[in-house]
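[1] turn this into a structure:
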Amino acid sequence: MRLKNLPKAQLDPEQLALYEAIAGGPRGKGKQLFPLVDAEGALTGPFGIMVHHPRLGMPLQILGSAIRYRTGLSDRVREIAILCVAQVTDSAFERYAHERVGRAAGLTEIELSDLALGRFASANPVEAIAYTFCHRLMAGDLPISDPIYADLRHTIGEATIFELVALVGYYRTLAQLLHVFDVGLPAESNA
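    Prediction:
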């Protein structure tokens, strides 16, 4: 990583508030499917970057928390969308973390493998159109035509359209941060 890991003991008050919001919020509660904090007490993945710049890191983590925990997206649709972004951006950390979350959400090994290869099919029309829409957004296939928008609105509704656009933008931002600051996988992922 191009940035120094910042263990909790080394944080200033603004950084510590961000750390606590991440580690003490919904991400830190319940079963941990991937390490949020490393052995030295530093945040992992994109959170380890955010803590360096808490003035933007805090609003960014608030947005991410809202996307993960306060939308109407089913867990499966959310993880399908995130893994679509991870594949298109070649984000190893997001793929690593969200394959684990996706398994817990009910994605099969075949579905995870397909998502890693840039494809996804589902008999569930909401899952199928959500994946296609996210892939279209990632490809920059804009603007969305009126017939495509009408199909989206009919199948998933305007609230879900909004939530997916926000999700794609957020996870694309994380992928870019992870690439620019050369964040690798947590040590436990190599074991």
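[2] surely Ala166 and Leu63 touch.
    Yes - applying Cβ atoms under 8 Å as the test, Ala166 and Leu63 come out as touching, 7.4 Å apart. C-betas here are computed from N, CA, C, even on glycine.
[3] can I see the domain layout of the protein?
    8-69+182-190, 75-180 (automatic domain parsing).
[4] residues making contact with stretch 87-94?
    45-46, 82-83, 85-86, 95, 115-118, 135, 138-139, 171-172, 174-176, 178-179, 183-185 (Cβ atoms under 8 Å, 6 or more residues apart in numbering).
[5] next one: stretch 110-130
    Residues contacting stretch 110-130 (Cβ under 8 Å, 6+ apart): 73-74, 76-77, 80-81, 83-84, 87-88, 95, 99, 102-103, 107, 131, 135, 151-152, 155-156, 160, 164.
[6] can you rerun that using 10 Å?
    73-74, 76-84, 86-88, 95, 98-100, 102-103, 107-108, 131-132, 134-135, 138, 148, 151-152, 154-157, 160-161, 163-164, 167 (Cβ atoms under 10 Å, 6 or more residues apart in numbering).
[7] now do the helix or strand harbouring Ile129, average pLDDT.
    Here Ile129 sits within helix 125-139, counting by DSSP states H and E. For helix 125-139, the per-residue pLDDT values average out at 97.
[8] ditto for stretch 145-162
    Taken as a whole, stretch 145-162 has a mean pLDDT of 97.
[9] chain center to it: distance?
    Offset of stretch 145-162 from its chain centre (Cα atoms, centre = their mean, to the nearest Å): 22 Å.
[10] circling back: which positions within the helix holding Ile129 qualify as buried?
    Buried residues in helix 125-139, counted by 16 or more other Cβ atoms under 10 Å: Val126, Glu127, Ile129, Ala130, Tyr131, Phe133, Cys134, His135, Arg136, Leu137, Met138.
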